[in-house]
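Engineer: Okay, structure incoming, though there's no sequence with it:
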């Protein structure tokens with residue numbers, strides 16, 4: 001049975017932007033978007049539900065946790081789209097040891113919420129998709145089990161800096177989870193965030209081992225007041241000089257990788273240990289990163305361009321793919337200009353991959369990309385989310401995230417493509433934006 005679910009389901013049609021659960025005394029608050037929430041409040045033996053822009057509802061003879069869990073089950077079962085976050089916050093009475101509280105109060109609300117999550121997720125037909133997963137609880141018990149039901153191709157960040165009673169043993173367990181070693185995981189994507197009083201030599205050794213064992217990690221970030229400078233030098237060696245790619249600082253090659261580098265940086269109280277994929281290039285626009293490397297004919301046929309040519313030119317194009325004839329035809333300025341009148345931003349991007357001659361001609365012609373909308377969202381100064389759509393309904397979303405002073409990750413969501421760039425996120429974003437707007 002569901003309760004508040006029927007109130008907000010019609011607004012989102014099972015496509016909730018987020019699921020954020022917060023527990024307070026005798027109440028549970030659920031956010032399904034930045035502005036849409038519902039609360040479950042105990043009133044004697046009954047539960048009162050207050051949903052956004054709706055009349056409150058009284059559920060008689062039901063405790064608020066049971067009523068909430070009914071809705072949570074249905075939300076998790078029906079959710080189909082990628083969420084930006086899945087969060088669970090709850091409070092334990094002040095002055096009470098968390099370990100003892102769980103033993104003495106097996107029906108504590110936090111236990112009941114996670115029991116429901118772990119009961120519902122295995123019943124789904126597909127894994128839950130979320131960019132961020134955040135919990136305020138004992139991670140050794142819940143994190144590995146819940147992660148097995150999350151889509152790791154979507155997961156980008158797990159903040160753990162607010163966890164209570166977190167220690168080095170827990171830190172080691174998290175970084176050594178078997179799930180990270182799945183060969184199907186996307187490369188260089190996940191950011192883990194921790195908090196310690198001091199970053200010791202053991203912590204840095206564990207981080208180095210984690211990057212060596214798992215290519216899934218983009219960065220491991222630690223909020224700490226102190227870092228052992230002698231151990232930092234022992235682990236990384238002395239600071240490396242400035243180069244065209246990097247500022248002066250600590251960096252080292254990651255073992256068991258294809259020349260990837262582990263780079264240390266510090267900013268605003270956070271210590272960043274970030275992977276830089278040394279073998280990747282950054283000349284191509286991020287808009288084009290996820291486009292397949294096709295032969296000349298395959299690229300042109302994918303846009304139905306060959307079929308639209310006059311017959312005498314069409315026959316010349318339909319020759320073995322290593323022939324230069326199709327390329328030479330489309331490098332003709334007059335032919336290309338006519339073709340570009342009917343193409344939009346993403347088709348133009350594909351055409352630019354056919355040959356350098358076509359790219360040069362496109363830069364001269366400056367075709368109208370037929371952009372319909374641009375959305376830019378700044379969640380923080382180092383994280384830029386960007387969506388662009390064209391008049392024919394096509395669209396693409398890009399995420400630019402800094403991993404150091406001169407490095408960033410650029411990710412496209414559909415299809416998923418992740419790339420390390422040796423430029424800061426803001427510079428790369430503006431370069432891409434200029435190219436899209438031509």
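Structural biologist: Sure, I can see it. As the structure is a computational prediction, the values presented were derived from the model and not from experiment. Numbers count the residues shown, from 1 in each chain.

Engineer: Give me the residue ranges of the stretch 251-400 of the chain where confidence is low.
Structural biologist: For the stretch 251-400 of the chain, the stretches flagged by pLDDT under 70 are 278-332, 353-355.

Engineer: quick one: residue 162 and residue 223 touch, right?
Structural biologist: No: using CB atoms under 8 Å, residue 162 is not in contact with residue 223; the gap is 9.7 Å. Every C-beta, even on glycine, is put in place using the N, C-alpha and C of the backbone.

Engineer: what touches both of these two?
Structural biologist: residue 195 (CB atoms under 8 Å, 6 or more residues apart in numbering).

Engineer: More neighbours: the two, which one.
Structural biologist: residue 223 (16 against 13; other CB atoms under 10 Å).

Engineer: Once you drop chain neighbours, what's closest to residue 67?
Structural biologist: residue 47 (4.5 Å; CB to CB, 6 or more residues apart in numbering).

Engineer: For the one you found, give me the pLDDT.
Structural biologist: Looking at residue 47, its pLDDT stands at 90.

Engineer: Next, residue 378: secondary structure please.
Structural biologist: Three-state call for residue 378 (DSSP: H, G, I helix; E, B strand; the rest coil): strand.

Engineer: could you check the distance from the residue lying closest to residue 57 once chain neighbours are set aside over to residue 32?
Structural biologist: Spatially, and ignoring its direct neighbours in sequence, residue 57 is nearest to residue 49 (4.7 Å; CB to CB, 6+ apart). Separation of residue 49 from residue 32 (CB to CB, to the nearest Å) stands at 14 Å.

Engineer: so what's in contact with those two at the same time?
Structural biologist: With contacts defined as CB under 8 Å, 6+ apart, the residues shared by residue 49 and residue 32 are residue 38.

Engineer: more neighbours, those two?
Structural biologist: residue 32 (25 against 22).

Engineer: pretty sure that one contacts residue 76?
Structural biologist: No: using CB under 8 Å, residue 32 is not in contact with residue 76; the gap is 11.7 Å.

Engineer: what do these two both touch?
Structural biologist: residue 19.

Engineer: Identify the residues contacting the residue nearest to residue 67.
Structural biologist: 40-41, 58-59, 62-64, 66-67.

Engineer: same thing with residue 219?
Structural biologist: If you count contacts by CB under 8 Å, 6+ apart, then residue 219 has 191-192, 272-275, 403 around it.

Engineer: State the pLDDT value of residue 76.
Structural biologist: On the pLDDT scale, residue 76 gets 92.

Engineer: What's the separation between the closest residue to it other than its chain neighbours and residue 20?
Structural biologist: Distance criterion CB to CB, 6+ apart; nearest residue to residue 76, sequence neighbours excluded, is residue 120 at 4.6 Å. Applying CB to CB, the value for residue 120 to residue 20 is 17 Å.

Engineer: re the thing from before, just the buried subset of the contacts of residue 47, please.
Structural biologist: Among the contacts of residue 47, those scoring as buried are 40-41, 59, 62, 64, 67 (criterion: 16 or more other CB atoms under 10 Å).

Engineer: Filter the contacts of residue 47 down to the ones in helices?
Structural biologist: Among the contacts of residue 47, DSSP state H puts 64, 66-67 in helices.

Engineer: Which residues are in contact with the residue lying closest to residue 200 once chain neighbours are set aside?
Structural biologist: Nearest non-adjacent residue to residue 200, counting by CB to CB, 6+ apart: residue 228, 5.5 Å away. Listed by CB under 8 Å, 6+ apart, the contact partners of residue 228 are 198-201, 204.

Engineer: Would you mind giving these as TSV with distance to residue 134 added?
Structural biologist: Formatted as TSV, the contacts of residue 228 follow (distance: CB to CB, whole Å):
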residue	distance to residue 134
198	24
199	22
200	25
201	29
204	25
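
Engineer: Just give me the closest of these to residue 143.
Structural biologist: Set against residue 143, the nearest of these by CB to CB is residue 199 (21.4 Å).

Engineer: How many neighbouring residues does that closest one have?
Structural biologist: Count around residue 199 with other CB under 10 Å applied: 23.

Engineer: quick one: contacts for it?
Structural biologist: Contacts of residue 199 by CB under 8 Å, 6+ apart are 222, 224, 226-228, 271.

Engineer: sorry, back to before: let me see the backbone angles for the residue nearest to residue 76.
Structural biologist: Main-chain dihedrals, residue 120, degrees, to the nearest 10: phi -80, psi -50.

Engineer: that older thread, tell me the two of the contacts of residue 47 that are most distant?
Structural biologist: Across these (CB to CB), the longest gap, 14.5 Å, separates 58 and 66.

Engineer: Which parts of stretch 46-57 count as buried, going by neighbours?
Structural biologist: 47-52, 57.

Engineer: So for that stretch, first residue to last residue, what's the gap.
Structural biologist: Terminal residues of stretch 46-57 are spaced 10 Å apart (CA to CA, to the nearest Å).

Engineer: do stretch 350-363 as well
Structural biologist: Stretch 350-363: ends 14 Å apart by CA to CA.

Engineer: so residue 428, which of the three states?
Structural biologist: helix.

Engineer: Can you tell me who the residue nearest to it when sequence neighbours are not counted pairs with across the strands?
Structural biologist: Nearest in space to residue 428, with sequence neighbours left out and distances taken as CB to CB, 6+ apart, is residue 421 at 5.4 Å. As for beta bridges, residue 421 partners with residue 408 under DSSP bridges.

Engineer: for this structure, which residue is closest to the average position?
Structural biologist: Against the mean C-alpha coordinate of the chain, by CA atoms, centre = their mean, the closest residue is residue 156 at 3.7 Å.

Engineer: do you know how far that residue is from residue 219?
Structural biologist: 11 Å.

Engineer: cool, residue 136 as well?
Structural biologist: 22 Å.

Engineer: one step back: just curious, which of the contacts of residue 47 is nearest to residue 369?
Structural biologist: Checking the contacts of residue 47 one by one against residue 369 (CB to CB), the nearest turns out to be residue 40, at 47.8 Å.

Engineer: Would you enumerate the residues in contact with the closest one?
Structural biologist: Neighbours of residue 40 in contact, by CB under 8 Å, 6+ apart: 4, 27-30, 47-49, 64-65, 67-68.
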